[in-house]
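*Asks:* after the sequence you'll find the predicted model.
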Amino acid sequence: MAAAVESEVPMILRLAGHPLRWRLLQELARSDRQVRELTGAVGVRQSLVSYHLSRLRAAELVSMRRSSADGRDAYYSLELTRFRDSLAAVGGELHPGLRLAAAPAAGERRRRTRQILFLCTGNSARSQMAEALLEHVGGEGVRGFSAGSHPKRLHPNAVRAMREYGIDLRGRQAKHLNTYARRRFDYVVSLCDRVREVCPEFPGDPAVIHWSIADPSAEPGTDGETLPVFRRTAAELEGRIRFLLALMVRER
């Protein structure tokens, strides 16, 4: 009888309701993590962390991607949009009054401009796109910056992908991360597994976040063939940035 009742509980609640899985979800809600980082954060053996991550991956609430810095490592990411939609569906099923309300507009409730630095290797695609999307989505309450550990020319497909959002990247120059070595930021977001390993410390103790996002410019093929990859990268960045803005409202 108990098993039958449990099976009626929505999967999202059964998965998230487990104490250890909830702690793992909390860690991943803020930043992509490796298994060893999660093990250190929650204080249990790695085999147990791996088991619960596999349960979350099976439900497609968590995804895994091999590190571009060391293929033996992997980064785990919380699928925030899927998690949000699953919770919204469960609330609505229980009672229409429990449907999740829309998050506050990005510019609301912030009293000062927040400064966010995005880092990747070349500063030719991901970080440039993230910088532009942040200011496009966040409005006057935020200011974006970007740099790379080995700057190179802005990729033409980054320009094309951003044009579809009404953003013009033409004329932007790649910058070395040392350009901002003495500048204070509220958040430093690494988008590349390699640059995460060489990221310097910035003054002012900014919040440091990692998003393990594949480099679209590393995909083989002509510009026309790889443009869809840049579009997917842009969509992922936009989604993550919107969640980051909501986090900033809470942490104001």
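*Replies:* Perfect, thanks for sending it.
*Asks:* mind telling me what element residue 248 is part of?
*Replies:* Using DSSP states H and E, residue 248 sits within helix 223-250.
*Asks:* counting by contacts, list what that helix packs against.
*Replies:* When contacts are defined as 3 or more CB pairs under 8 Å, 6 or more residues apart in numbering; DSSP states H and E, helix 223-250 packs onto helix 80-94, helix 126-138, helix 156-163, strand 187-190. Every C-beta, even on glycine, is put in place using the N, C-alpha and C of the backbone.
*Asks:* list of residues touching the shortest one?
*Replies:* I take that to be strand 187-190. 114-120, 130, 196, 199, 202, 206-211, 244, 248 (CB atoms under 8 Å, 6 or more residues apart in numbering).
*Asks:* so what's residue 131 up against?
*Replies:* Applying CB under 8 Å, 6+ apart, we find residue 131 in contact with 118, 144-146.
*Asks:* closest to residue 171 among these?
*Replies:* For these, the residue nearest residue 171 by CB to CB is residue 146; the value is 14.2 Å.
*Asks:* looking at the contacts of residue 131, which one is closest to residue 125?
*Replies:* residue 146 (10.1 Å).
*Asks:* I'd guessed the closest one sits against residue 116; true?
*Replies:* No: judged on CB atoms under 8 Å, residue 146 makes no contact with residue 116 at a distance of 9.4 Å.
*Asks:* on that earlier part again, how far off helix 156-163 does the helix holding residue 248 point, in degrees?
*Replies:* Counting by axes from the mean of the first three to the mean of the last three CA atoms, to 10 degrees, helix 223-250 lies at 50 degrees to helix 156-163.
*Asks:* still on that earlier bit, want to throw the helices and strands packed on helix 223-250 into JSON lines with mean pLDDT?
*Replies:* Shown next, in JSON lines, are the helices and strands packed on helix 223-250 (pLDDT from 0 to 100):
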{"stretch": "helix 80-94", "mean pLDDT": "89"}
{"stretch": "helix 126-138", "mean pLDDT": "96"}
{"stretch": "helix 156-163", "mean pLDDT": "97"}
{"stretch": "strand 187-190", "mean pLDDT": "97"}
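*Asks:* so residue 194: helix, strand or coil?
*Replies:* At residue 194 the chain is in helix, as set by DSSP: H, G, I helix; E, B strand; the rest coil.
*Asks:* oh, I was asking about residue 143
*Replies:* strand.
*Asks:* pLDDT below threshold where in this structure?
*Replies:* Applying pLDDT under 70 to the chain flags residues 1-7, 100-111, 252.
*Asks:* okay, domains of it per the record?
*Replies:* 2-98, 114-250 (automatic domain parsing).
*Asks:* ranking the ones you listed by burial, who's on top?
*Replies:* Greatest average neighbour count among the domains of the chain goes to domain 114-250 (a mean of 19), per mean count of other CB atoms under 10 Å.
*Asks:* endpoints of it, how far apart?
*Replies:* One end of domain 114-250 sits 13 Å from the other (CA to CA, to the nearest Å).
*Asks:* for stretch 146-155, same thing?
*Replies:* Start-to-end, stretch 146-155 (CA to CA) is 14 Å.
*Asks:* touching it from outside, list them.
*Replies:* Residues contacting stretch 146-155 (CB under 8 Å, 6+ apart): 117-125, 127-128, 130-131, 169, 172-177, 179-180, 194-195, 198, 216-217, 230.
*Asks:* same thing with stretch 87-101?
*Replies:* Applying CB under 8 Å, 6+ apart, the external contacts of stretch 87-101 come out as 10, 12-13, 84.
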